[in-house]
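*Asks:* with the input below, show me the fold.
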Amino acid sequence: MNTDRQGNRMSGATLEAIPHFDQALSDFNLYRGDPLAAADRALTAAPRLVMAHILKAHILALATEPQATAQAAEIVAIARGLPADDREASHLAALAHLLQGNWVAAATAMDLHNVRHPHDLLALQVGHIMDFYRANARDMRDRMARVLPRWSPSTPGYSVVLGMYAFGLEEAGDYIRAEATGRSALDAEPLDCWAHHAVAHVMEMQGRAHDGIGWMTAREPYWATSDNVFKIHNWWHRALCHLDLGQADEVLRLYDGPIRASRSMVALDLVDASALLWRLHLTGQDVGDRWAEVARCWEPHADGRYPFNDWHAVMAFLGAGREPEVDCAIATLERHAAGDADTAGWTRAVGLPLIRGFRAFWRGQYRECAEGLHPARFIVNQFGGSHAQRDVIDWTLTEAAVRGGLTSLAEALAHERLALKPHSQVNRAFLRRAQGVNQSPPRE
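*Replies:* Numbers count the residues shown, from 1 in each chain. Sure, this is the predicted structure:
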């Protein structure tokens with residue numbers, strides 16, 4: 001039968017094309033190699049293989065990049081003209097929502113799809129990524145919990161489902177089970193960088209910086225290979241561990257080396273670059289002209305379609321002193337905010353308040369920044385990223401309170417952070433400065 005490795009039937013498949021499709025899906029599962037190229041090989045062998053078109057469309061649509069989104073729309077148009085079964089039609093319906101910026105509708109459609117097709121590994125993964133981009137920790141966890149009883153260790157891809165479940169458990173705060181599940185996934189498939197990343201998140205959230213560095217270092221041969229498209233984000237996680245230990249020189253070494261040496265134009269990599277430079281700035285480090293390079297790379301991405309990206313683009317524009325681009329980004333977001341897509345709602349409720357708060361901080365308007373970020377931080381999980389990524393908001397708020405002389409607020413926020421990560425050098429410094437032990441704020 002013309003099925004994938006999990007037993008799902010595929011319209012338009014041929015025996016020659018199926019191994020190429022399976023390779024494409026495996027590459028996507030492990031964030032390695034070139035899944036788009038493998039899907040193209042499948043389509044060369046079987047041009048009417050609907051699932052190969054769908055796989056490509058999902059990857060491009062989830063990239064949150066303007067050109068990739070346009071390419072995804074073209075592919076979906078082609079796929080709609082081909083014979084498809086109910087499962088494939090369900091994928092195309094979810095993609096239609098996603099391409100319109102309706103992430104919640106797309107993820108909900110994938111919820112129902114996964115219930116009907118629990119062994120559709122592509123659907124599980126794209127649904128998981130949709131949950132991540134809309135910061136829905138519960139669905140990141142429960143999407144896998146709903147189907148895992150239908151899987152077994154003998155089912156191809158079982159470890160991948162475990163790795164996604166581990167990350168969902170971590171984002172839901174179930175750290176003990178998250179780490180155990182992530183390690184189990186890696187026992188079965190050491191190359192699963194998403195499972196590795198899930199365990200790294202546990203260590204970050206628990207303030208286990210030394211453990212985190214040891215974890216990243218010991219497993220580096222598995223996650224840092226040249227064909228691993230997720231390696232920069234994992235390097236970013238290691239940098240966070242060093243930053244928590246006050247090792248700024250090592251953070252800058254990692255930034256100039258594996259994090260930015262390639263000058264990647266990928267949005268996910270640019271998010272990491274902006275976020276790391278911003279944290280370094282908050283701790284008083286001179287990052288030199290690094291902002292300028294990142295700001296140039298952000299230019300084609302800041303289009304208002306995914307406000308999480310625009311927020312990080314604005315960090316770079318501020319750092320590079322490009323105020324006109326900041327104003328342009330805000331104006332673009334204000335136009336998109338008038339729409340009725342999910343991303344428009346995220347922009348109104350979260351994206352614009354965050355950008356205005358960060359701009360106020362950069363301008364030295366610390367009290368205004370604190371007033372804006374304090375309420376915003378409680379609703380930022382309405383849009384993208386992980387807890388670790390969104391922590392830059394609380395860093396900025398706490399630093400604004402310290403620099404703005406909001407002593408009671410600064411001390412309270414420092415205590416809040418220390419309750420979660422009592423050994424963090426960053427958090428201890430916040431408390432010392434809030435209590436007046438060291439009144440001088442860090443300056444570049």
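
*Asks:* please report how far the spatially most central residue of the chain lies from Val126.
*Replies:* Nearest residue to the geometric centre of the chain (CA atoms, centre = their mean): Gly385, 4.6 Å. Applying CB to CB, to the nearest Å, one obtains 17 Å for the distance of Gly385 from Val126. Heads up, the C-betas are built off the backbone N, CA and C, glycines and all.

*Asks:* what do you get for Ala84?
*Replies:* Distance of Ala84 to Val126, computed by CB to CB: 17 Å.

*Asks:* okay, the two: which has more neighbours?
*Replies:* Val126 (27 against 21; other CB atoms under 10 Å).

*Asks:* surely that one touches Ala57?
*Replies:* No - shown here, Val126 and Ala57 do not form a contact pair, counting by CB atoms under 8 Å, at 9.7 Å.

*Asks:* so Leu43 touches Ile54, yeah?
*Replies:* No - contact criterion CB under 8 Å: Leu43 and Ile54 do not qualify, at 11.2 Å.

*Asks:* quick one: which of these two has more around it?
*Replies:* Ile54 (26 against 21).

*Asks:* moving C-terminal of the helix or strand containing the more buried one, what's the next helix or strand?
*Replies:* Assigned by DSSP states H and E, Ile54 falls within helix 50-61. The helix or strand immediately downstream of helix 50-61 is helix 66-80, counting by DSSP H and E.

*Asks:* report the buried residues of that next one.
*Replies:* Of all the residues in helix 66-80, those buried under the rule 16 or more other CB atoms under 10 Å are 66, 68-69, 71-73, 75-76, 79.

*Asks:* between these, which is nearest Pro190?
*Replies:* Ranked by distance to Pro190 (CB to CB), the buried residues of helix 66-80 are led by Ala68 at 29.4 Å.

*Asks:* ok, now which ones touch the closest one?
*Replies:* Going by CB atoms under 8 Å, 6 or more residues apart in numbering, Ala68 touches 60-61.

*Asks:* give the burial count for Ala275, as a bare number.
*Replies:* Close neighbours of Ala275, defined as other CB under 10 Å, add up to 24.

*Asks:* so what's the spatially closest residue to it that is not a sequence neighbour scoring on pLDDT?
*Replies:* Nearest non-adjacent residue to Ala275, counting by CB to CB, 6 or more residues apart in numbering: Val392, 5.4 Å away. Listed pLDDT for Val392 reads 96.

*Asks:* which elements pack onto the strand or helix carrying Val392?
*Replies:* In this assignment (DSSP H and E), Val392 forms part of helix 387-403. Counting contacts by 3 or more CB pairs under 8 Å, 6 or more residues apart in numbering; DSSP states H and E, helix 387-403 packs against helix 193-205, helix 267-282, helix 352-362, helix 366-376, helix 407-420, helix 425-434.

*Asks:* may I see these arranged in a markdown table, with mean pLDDT and distance to Ala344 as well?
*Replies:* Output for the helices and strands packed on helix 387-403, formatted as a markdown table (pLDDT from 0 to 100; distance: least, CB to CB, whole Å):
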| stretch | mean pLDDT | distance to Ala344 |
| --- | --- | --- |
| helix 193-205 | 96 | 29 |
| helix 267-282 | 96 | 19 |
| helix 352-362 | 96 | 11 |
| helix 366-376 | 93 | 17 |
| helix 407-420 | 95 | 31 |
| helix 425-434 | 93 | 35 |
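
*Asks:* out of those, which comes closest to Cys297?
*Replies:* Within the helices and strands packed on helix 387-403, the stretch nearest Cys297 is helix 267-282; the backing value is 5.6 Å (CB to CB).

*Asks:* next secondary structure after that closest one?
*Replies:* helix 290-298.

*Asks:* name the residues that touch the helix or strand bottoming out on mean pLDDT in the chain?
*Replies:* Every helix and strand in the chain was compared by mean pLDDT, DSSP states H and E; the lowest is helix 342-346, with a mean of 90. Residues outside helix 342-346 that contact it (CB under 8 Å, 6+ apart): 101-105, 134, 305-308, 336-338, 382-383.

*Asks:* what about 10 Å?
*Replies:* With CB atoms under 10 Å, 6 or more residues apart in numbering as the contact definition, helix 342-346 has outside contacts at 64, 97-98, 100-107, 133-135, 304-308, 333, 335-339, 351-352, 379-380, 382-384.

*Asks:* just the buried subset of the residues you listed, please.
*Replies:* Neighbour-count burial (16+ other CB under 10 Å) is assigned, among these, to 64, 97-98, 100-107, 133-135, 304-308, 333, 336-337, 351-352, 380, 383-384.

*Asks:* okay, and which of those residues map to helices?
*Replies:* Taking DSSP state H, the ones among those that sit in helices are 97-98, 103-107, 133, 307-308, 333, 336-337, 352.

*Asks:* any chance of those in a markdown table, plus distance to Val326?
*Replies:* Below are these laid out as a markdown table (distance: CB to CB, whole Å):
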| residue | distance to Val326 |
| --- | --- |
| His97 | 31 |
| Leu98 | 28 |
| Trp103 | 25 |
| Val104 | 29 |
| Ala105 | 31 |
| Ala106 | 30 |
| Ala107 | 31 |
| Tyr133 | 24 |
| Pro307 | 14 |
| Phe308 | 16 |
| Leu333 | 11 |
| His336 | 16 |
| Ala337 | 16 |
| Leu352 | 12 |
